[in-house]
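Peer 1: turn this into a model:
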Amino acid sequence: MRPLLRTLPLSVMAALALPLCAQTAPPLDLASEMDDILSTDQIGAASKHVQDVASAPADVVVLRSSELKALGYRTLGDALGGVLGFRTNQDHAYQGLAAAGAYTLGDQNTRLLVLLDGHALNSPAEVGSSKVGEDFGLPLELVDHIEVVRGPASSLYGNNAYEALVNVVSMAAAGATQSHTQGAVTAGTGGLSEIWAQQVLDLGGVTSTLMVSGYQRTGTAQQYPQLQPDPLPARADREERQSAYLYLKGNQWSFAASLLSRTQLLASAPYGSVPGDLGNFYRNRRMSGEFKWEPTTRNVRWMVRLFGDKNEFDDSFVSSGAPGPNVTGLDFDPDRSLGAELQGRASLGEHLTLTFGTEQQFHRYNGVYTAPGQGINTDVSYTIGNTYLEANWQPSAAWNVVAGLQRADWRPTQVSNTTGGVAQGQPEVSISRLTPRLSLIWKPAPADVAKFIFGQGFRFPTIFEEYYTDGVTQFANPSLKPEVLTSEQVSWSRKWTPQFNSHAAVMLFRGERAILPLSSVSGEQYVNAPDPLKGKAAELELAWHHGGTELSAGGGWYDWTYQGAQLSDSSRWLAVFKAIQRAGDWSLAGEARYVAGRQSTDPTTGILTTVPANWTLRASLRREWGHAWAQVSGEDLGNSRRRDLVAPEYAPITWMEGDGRAVRATLGVRF
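Peer 2: Prediction:
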């Protein structure tokens with residue numbers, strides 16, 4: 001296979017050479033952006049319309065472009081890992097993300113809804129997963145800001161907005177209209193290389209933005225003592241990704257389209273495959289398009305969305321056929337969908353605003369697994385419906401009351417499962433869910449905001465959990481119910497001085513019917529947990545700025561239990577410290593993250609595995625010129641080989657080490 005990455009340098013050079021009319025570089029005004037940060041942030045994800053953070057009926061965080069650039073984050077997961085309550089989990093296949101200190105081992109972020117310019121990126125072809133690593137695809141240099149809703153958000157967004165919601169807003173969607181071209185190249189340890197280019201054209205009332213990007217990492221030598229004593233070759237850890245993003249913006253309308261392909265080799269040998277074999281890999285492909293129109297009629301602002309997605313996942317595992325030749329098992333899981341959403345936002349008098357809408361998605365999934373002497377086909381057609389209503393009542397300048405209700409439906413219209421040429425009937429079980437939301441926002445003084453937030457999140461069972469079966473080791477469970485997380489949060493934000501502010505929050509969580517794998521001598525089947533998950537959390541964050549200096553610190557305590565014992569892979573303590581110093585064209589930034597130790601018990605063997613607490617350190621130095629920038633960044637500067645727990649499919653491996661110290665250098669140009 002010749003990766004598209006080899007042709008991207010030529011594509012980038014061609015894009016940079018395109019003739020532009022009256023091109024000028026967009027002015028880089030850090031002082032102006034700092035003014036925006038210090039004023040009231042705006043967020044659109046909390047209620048599906050733009051509002052200031054203080055009025056949003058949620059606990060929200062906004063990561064601005066200046067912070068993302070100064071700290072030199074490469075992936076969305078890296079940036080979110082710097083938000084208190086979140087942490088990353090690395091298994092050298094996907095970058096997992098924990099929220100409120102808890103993470104379900106093996107979960108591909110199905111309990112986190114990720115949006116790019118309002119378009120959901122969770123892939124039904126991969127058990128509802130959302131991508132926050134290299135499989136996100138858009139360089140963070142091209143991100144205007146990231147909106148993070150901490151806590152459930154299913155009352156508006158439905159499925160997958162279970163623990164948190166993340167909306168990444170690109171520069172294009174934020175309103176960059178001046179024609180320009182920019183691009184960058186990055187090189188780093190582990191054979192890392194990336195190249196991207198973006199072109200923005202003002203076409204007379206329509207702004208066109210095109211980005212292309214290519215990435216590869218030759219890998220690092222991985223050592224798994226549980227598998228074999230010697231390190232596996234670096235090439236068995238190779239990763240590559242190619243992506244493109246087009247955004248057109250006109251008067252009251254926009255169109256976005258994206259392409260992505262990402263391949264990760266698997267030195268870790270999951271599912272009993274041969275360690276270090278180059279035939280072990282995961283591959284993700286995504287193609288999406290969305291048209292959005294936002295007209296206004298009288299007192300109602302409308303939003304119409306038409307969208308389509310094609311998500312494909314395939315993998316390959318080479319298993320030992322000793323004493324005969326090795327055998328290969330292949331998965332191919334495509335999901336194709338079309339959808340539409342109609343939303344209205346109406347002002348009913350001076351104090352009441354209603355947001356209402358409905359969304360319908362039509363999906364076709366056809367998963368195929370093949371191995372010598374075995375073939376499994378899972379074919380499901382289904383629809384997802386989401387209807388919501390939210391009322392925002394503001395009786396005075398000091399009070400806001402926000403109440404909402406959402407109904408979601410998951411309706412299979414055709415289900416079939418064929419194993420070894422023999423069809424097995426599966427019942428078509430529809431699922432629905434009503435999800436409430438209530439927020440009270442009190443502003444007793446201009447410097448204070450207090451919020452009480454009651455919300456719920458839910459996740460429908462995935463096709464794999466509900467319908468996949470081989471009749472031998474894995475069994476379907478069409479009777480699965482959606483898992484539900486209820487959250488109660490109280491927060492208080494105060495601006496003590498123009499330079500110093502604080503945020504404190506306490507939270508209670510209760511998870512009902514968590515979907516978990518149940519293993520027995522007869523095989524594995526996903527079931528709803530009979531007992532609830534219970535969680536408690538307390539967080540405190542402080543931020544100070546003066547001139548070109550920004551300092552922030554946050555610490556959180558989290559207590560998750562199941563059946564009276566600490567929940568597997570939950571962290572009791574998390575802390576984040578950030579410092580950014582700007583001086584003219586220079587910026588120097590540093591970050592330290594602390595994650596408490598975690599533990600996990602193997603459900604089959606009962607063996608307890610513990611990984612120790614760790615600190616990870618990041619530093620970045622950046623210099624801006626009129627038409628160029630350069631940056632050097634380092635991660636895990638203390639050579640932290642942090643350990644993360646991993647899912648049972650990696651057995652006998654129960655934990656993996658990180659790559660340790662990494663350094664990257666980037667050179668970019670704009671004109």
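Peer 1: break down the stretch 401-550 of the chain into its helices, ranges please.
Peer 2: Along the stretch 401-550 of the chain, counting by DSSP state H, counting those that start in this stretch, helices occupy 463-467.
Peer 1: show the backbone phi and psi for the residue lying farthest from the centre of the chain.
Peer 2: Distance from the C-alpha centroid of the chain peaks at Pro323, with 43.2 Å (Cα atoms, centre = their mean). Dihedral pair for Pro323: phi -80, psi 0, per degrees, to the nearest 10.
Peer 1: what does Leu203 give?
Peer 2: According to degrees, to the nearest 10, Leu203 has phi -100, psi 30.
Peer 1: which non-adjacent residue is nearest Ser568?
Peer 2: Ser600 (4.4 Å; Cβ to Cβ, 6 or more residues apart in numbering). (Glycine included, C-beta is placed from N, CA and C.)
Peer 1: count the neighbours of the nearest residue to Leu516 once chain neighbours are set aside for me.
Peer 2: In this structure, Leu516 finds its nearest non-sequential neighbour in Ala529, 5.4 Å apart by Cβ to Cβ, 6+ apart. Ala529: 16 surrounding residues under other Cβ atoms under 10 Å.
Peer 1: got the contact list for Val304?
Peer 2: 292-294, 340-343 (Cβ atoms under 8 Å, 6 or more residues apart in numbering).
Peer 1: ok, so of those, who is nearest Leu71?
Peer 2: Of all the contacts of Val304, Leu71 sits closest to Lys292, with 30.9 Å by Cβ to Cβ.
Peer 1: in what helix or strand does the closest one lie?
Peer 2: strand 281-293 (DSSP states H and E).
Peer 1: in its sheet, what does the helix or strand just after that strand sit against?
Peer 2: Later in the chain than strand 281-293, the nearest helix or strand by DSSP H and E is strand 296-297. When pairing is defined by DSSP bridges, strand 296-297 lines up against strand 300-319 (antiparallel).
Peer 1: in the partner strand, what counts as buried?
Peer 2: 301-303, 305, 307-319 (16 or more other Cβ atoms under 10 Å).
Peer 1: just want the angle from that strand to strand 281-293.
Peer 2: Relative orientation of strand 300-319 and strand 281-293, computed by axes from the mean of the first three to the mean of the last three Cα atoms, to 10 degrees: 170 degrees.
Peer 1: next helix or strand past strand 300-319?
Peer 2: That would be, after strand 300-319 and using DSSP H and E, strand 327-348.
Peer 1: same question for that next one, mean pLDDT?
Peer 2: For strand 327-348, the mean pLDDT works out to 93.
Peer 1: ok, now stretch 506-516?
Peer 2: Averaging pLDDT along stretch 506-516 gives 95.
Peer 1: quick one: end-to-end length of stretch 459-468, please.
Peer 2: In stretch 459-468, first residue to last residue: 18 Å (Cα to Cα, to the nearest Å).
Peer 1: which residues does it contact?
Peer 2: Stretch 459-468 has contacts (Cβ under 8 Å, 6+ apart) with 110-111, 124, 127-128, 159-160, 162, 365, 367, 376, 378, 380, 384, 408, 410, 415, 417, 426, 431, 433, 474, 476-478, 480-483, 515, 526.
Peer 1: go again with 6 Å.
Peer 2: 111, 127-128, 159-160, 162, 365, 378, 380, 410, 426, 431, 476, 478, 480, 482-483, 515, 526 (Cβ atoms under 6 Å, 6 or more residues apart in numbering).
Peer 1: so what's Leu608 closest to, chain neighbours aside?
Peer 2: Thr601 (5.1 Å).
Peer 1: now swap in Ile384 and tell me
Peer 2: Gln361 (4.4 Å).
Peer 1: where does the prediction get shaky in the stretch 551-671 of the chain?
Peer 2: 639 (pLDDT under 70).
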